[in-house]
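Enquirer: No sequence on hand, only this structure:
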């Protein structure tokens, strides 16, 4: 991956690894949803104190830097990685399309770790099919009134604000979707309930019931929310691939350590060819995933307007490869690999979600094919 990095990226990687080792690597994993919610704000504040969040709000983000941070965090703490990802994802629409007042209100707070961001697009009947969004934003004089439900929303219940996608004109489909900044505590915005993940991070459902916000809370022109959301996801998709690489690298490291120390049948596991074959495949998959990830980020950083195909390839391959790598690590560790709260068991539960959120693997296949065929 060095071919795609500048000297300042190598310096950043070293510094981030030190920060992660000192502040995040040895944290106890949350025992459940309540513990994850209790820990979230402290983790975000720690990232802000260490300067890790500054790149998440840049108008011209250094995508390779964001990838390096996510890769380091994901290998140490899936919860910290998820929170970092949402600081970028939840604030990027404001960065890209917010006016000066909205940027000044929220972005410095996000960078400092004093405000937690949320990105509210998914609904019970609108996942991959964003055009099926049923939440409405009705214009009423100087305001919009939001009604609807958002589900599977990361940071639901703990975020200080949400970038909410809602339909301003159902007849126009994706061309009738807007994006709105809704602060937590706005009357009519209600946290319904948490959704509890097997590897906890704050997730849940939000309800909007005659939720009134000023028209100035709209990002961009009316009906441009879909394009803004897709641009945000396209831009940050390589960072999901980077998180997958981080989890895969941690799993590979755990497997190698175990294989070199575990004795069976009079020898260490590393002497057995079947184990060597697994490790070779794991390392090769990880190298390929990293190259695709940082190639996509490099293309964007050098000025490419769109990296849709490259980002989709990176996310597809890296997340699928990470699932295979973590699974092989569990197999190599055997019984130890399936003990609750062992490192590879936690990674096994955490890595699965990466193949779903911010565009499923199936959707990435369609995106790649569409880009090639056109």
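Expert: Everything's here; your move. Fair warning: this is a prediction, and the values are worked out from it, not measured in the lab.

Enquirer: drop to CA atoms for contacts and neighbour counts, all remaining ones
Expert: Fine.

Enquirer: what's the helix or strand for the residue nearest to residue 327 when sequence neighbours are not counted?
Expert: Among residues not flanking residue 327 along the chain, residue 348 sits closest, at 6.7 Å (C-alpha to C-alpha, 6 or more residues apart in numbering). Using DSSP states H and E, residue 348 maps to helix 343-351.

Enquirer: pLDDT of that helix, averaged?
Expert: What helix 343-351 shows for mean pLDDT is 94.

Enquirer: Could you look up the next helix or strand downstream of that helix?
Expert: Taking DSSP H and E, what comes next after helix 343-351 is helix 361-373.

Enquirer: gap between residue 64 and residue 364?
Expert: Per C-alpha to C-alpha, to the nearest Å, residue 64 is found 21 Å from residue 364.

Enquirer: Look at these two and report which has more neighbours.
Expert: More crowded of residue 64 and residue 364, by other C-alpha atoms under 10 Å: residue 64, with 25 against 22.

Enquirer: OK, contacts around the more buried one?
Expert: Shown in contact with residue 64 (C-alpha atoms under 8 Å, 6 or more residues apart in numbering): 5, 9, 294, 297-298, 301.

Enquirer: Now tabulate the residues you listed in TSV and tack on pLDDT, neighbour count and distance to residue 257.
Expert: Formatted as TSV, the contacts of residue 64 follow (pLDDT from 0 to 100; neighbours: other C-alpha atoms under 10 Å; distance: C-alpha to C-alpha, whole Å):
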residue	pLDDT	neighbour count	distance to residue 257
5	95	15	28
9	96	16	28
294	97	28	27
297	96	30	31
298	97	20	32
301	94	16	36
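
Enquirer: With distance to residue 357 and secondary structure added, can I get those residues in CSV?
Expert: Output for those, formatted as CSV (distance: C-alpha to C-alpha, whole Å; DSSP: H, G, I helix; E, B strand; the rest coil):
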residue, distance to residue 357, secondary structure
5, 27, coil
9, 27, helix
294, 20, helix
297, 19, helix
298, 23, helix
301, 24, helix
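
Enquirer: Pick out whichever of the residues you listed sits closest to residue 141.
Expert: Closest approach to residue 141 among the contacts of residue 64 (C-alpha to C-alpha): residue 301, at 41.4 Å.

Enquirer: by contact count, what packs against the helix or strand hosting residue 15?
Expert: Using DSSP H and E, residue 15 sits within helix 7-23. Under the contact definition 3 or more C-alpha pairs under 8 Å, 6 or more residues apart in numbering; DSSP states H and E, helix 7-23 sits against helix 63-76.

Enquirer: Compute the inter-axis angle for the helix it packs on and helix 343-351.
Expert: 130 degrees (axes from the mean of the first three to the mean of the last three C-alpha atoms, to 10 degrees).
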